[in-house]
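Chemist: just the structure for this:
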Amino acid sequence: MNMDQLKRQAAGRALEEVRDGMQLGLGTGSTAKHFVELLGERVAAGLKVIGVPTSEATRLDAERCGVPLTTLDEIDHLDITIDGADEIDPELNLIKGGGGALLREKIVAAASDRMIVIADDTKWVPTLGRFPLPIEVIPFGLGATRRAIETAFAACGVSGQMAVRKAKGGAEDSHVFVTDGGHWILDAQLGRIVDPPGLAKALSVIPGVVEHGLFIGLASSAVLAGGEGIRVIERRKPKGD
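Modeler: As a prediction, this is how the structure comes out:
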């Protein structure tokens, strides 16, 4: 089974959680695209759902597949968001944003009762950080923002090179990648993030940082597809919950 088949298998398992009448967050990326396509097949067969897309790319996919859409201005909550991830750790903390949609993805996930992460099992890691951490930033004052990010890194015990993301398929001098919100992305090569919640808090208070790709405490479960089948991992609840 190739990688694409594994992604589709994970998407299919997550689709089993969808019920008639649900309001869904629709993620972005190659695995989430499989979910939207499979959801479209269920909608064509009579399933009644409505979705909020996390990117313009997902909106176009959903429209192509016949999935009815709405916005968070028109509804007050979502039952489930189904989205992919670039890395998943044993606490179900995530790195997301490889596709550049991290801001909208986090807004939608935070508005949902549950977030189900779907991925092939190569995304499961003991510690986050091997995948470059995306940090969405305002272009204005970028030098000051970078210095503040470096200070936050040092305080959290991490370090690494940062680079402004370029548009796909371009050379080093090609155009900068621009998010759906009109922002830029810094990709930080950190290697190993020892305290993801601490780093998330430190980055969130920096003026000029719009959002970052650390998703802490948002994922309810992860559906991982691998050579030995499907694994479903539920987030451990803190003592007292």
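Chemist: now the strands for the protein?
Modeler: Listed from the start of the chain, the chain has strands (DSSP state E) covering 23-26, 50-53, 78-83, 87-88, 94-95, 112-120, 133-137, 162-164, 184-188, 209-212, 214-215, 221-226, 229-234.
Chemist: wait, which of these is closest to Gly66?
Modeler: Taking Cβ to Cβ, strand 50-53 is the member of those nearest to Gly66, at 11.0 Å. Any C-beta I mention is one placed from the backbone N, CA and C, and that applies to glycine too.
Chemist: distance of the residue most central in space within the chain relative to Ile230?
Modeler: The structure's the chain has its C-alpha centroid closest to Lys96; by Cα atoms, centre = their mean the separation is 3.9 Å. Per Cβ to Cβ, to the nearest Å, Lys96 is found 21 Å from Ile230.
Chemist: just Gly25 next, same as before
Modeler: Gly25 sits 21 Å away from Ile230 when distances are taken as Cβ to Cβ.
Chemist: more crowded one of those two?
Modeler: Here Gly25 and Ile230 are set side by side on neighbour count (other Cβ atoms under 10 Å), and the busier one is Gly25, at 28 against 15.
Chemist: quick one, what contacts that one?
Modeler: 51-52, 54, 78, 80-83, 108-109, 111-112, 115 (Cβ atoms under 8 Å, 6 or more residues apart in numbering).
Chemist: winner for burial among the strands of the chain?
Modeler: With neighbours defined by mean count of other Cβ atoms under 10 Å, none of those is more surrounded on average than strand 94-95, at a mean of 29.
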